[in-house]
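1. Attaching a predicted model along with its sequence, questions to come.
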Amino acid sequence: MKSQRNIVYQITRFIVSIYFHIYHRISVCGTEKIPRGRAVIVASNHASYLDPPLVGYAFYPRYLKFIAWDKLFSFKPFGAFLRIMGTLPVSQENKNSSAALLREAIGYVSGGFDLFICPEGHRTEDGLLHPLEGGVAIMALKTGAPVVPVYCAGTYRALSPHMKFPRPCKLSVTFGDAIDPAGIDENLPDKEKRRYILDRIEEFYKAEDAKDKEKYPLKPQRA
């Protein structure tokens, strides 16, 4: 399975590379901030279906495990592709699956895999940042893995939830400073530790979002 995944990953990356560079003129910065030699949790804002492949491309040569809506697996060929790529399905209807998914995700990170997660929980419908869910902080504290916040700029303009086809907008990926659980005061209650991690992620998102909206003021999206 590992060799099969590597082949599929390389082919996919080649295709994605052509698409992102030619159609979206992609730029990437901050990769030097990603801790080496240990598993990390990559926490991205979520404005478009373009975010996961964009971050996965920027994160290379390391591989990411992904979490995706289970309905994406309903088309069997695509579902098989997602599983080969290491994607974990999550149901938005079955609340019991959330705890199970969290345990499985923690298991992957504890096993040394890098994990991609969107703390907002779902794509923004209006282009604005939404409150963060606590799962990413729980994963970090349970595993000791650093959280690397990452901001995808331009993905909402390129392919918002209201659009059927992507537009040729410029995209950029910016990695922020890693948030290491080991650097948090161990005397703090767990609730405050989780809040600290979420606050740092949110601060990074807001700073990058402000830069992006200064260059490209938010406009109503049409399909």
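-> Sure, I can see it.

2. CA only for contacts and neighbour counts going forward, please
-> Fine.

3. State the distance from Lys213 to Ser48.
-> 16 Å (Cα to Cα, to the nearest Å).

4. out of these two, which sits in the more crowded spot?
-> Neighbour tally, Lys213 and Ser48, criterion other Cα atoms under 10 Å: the higher count belongs to Ser48, 24 against 14.

5. Wait, that one touches His122, no?
-> No - at 9.2 Å, Ser48 does not count as touching His122 under the criterion of Cα atoms under 8 Å.

6. now the longest helix belonging to the chain, how far from the centre of its chain.
-> In the chain, with assignment by DSSP state H, the single longest helix is helix 190-215. How far helix 190-215 lies from its chain's middle: 14 Å, per Cα atoms, centre = their mean, to the nearest Å.

7. which residue ranges form the helices in this protein?
-> Taking DSSP H as the criterion, the chain carries its helices at 2-23, 51-59, 76-84, 96-110, 135-143, 155-159, 190-215.

8. Dump those into CSV; add mean pLDDT and distance to Val90 as well.
-> Compiled in CSV, the helices of the chain are given as follows (pLDDT from 0 to 100; distance: least, Cα to Cα, whole Å):
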stretch, mean pLDDT, distance to Val90
helix 2-23, 83, 21
helix 51-59, 92, 15
helix 76-84, 76, 12
helix 96-110, 78, 7
helix 135-143, 94, 13
helix 155-159, 95, 22
helix 190-215, 97, 21
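
9. quick one, which of these is nearest to Val173?
-> Evaluated over these, closeness to Val173 peaks at helix 51-59, with 6.9 Å, by Cα to Cα.
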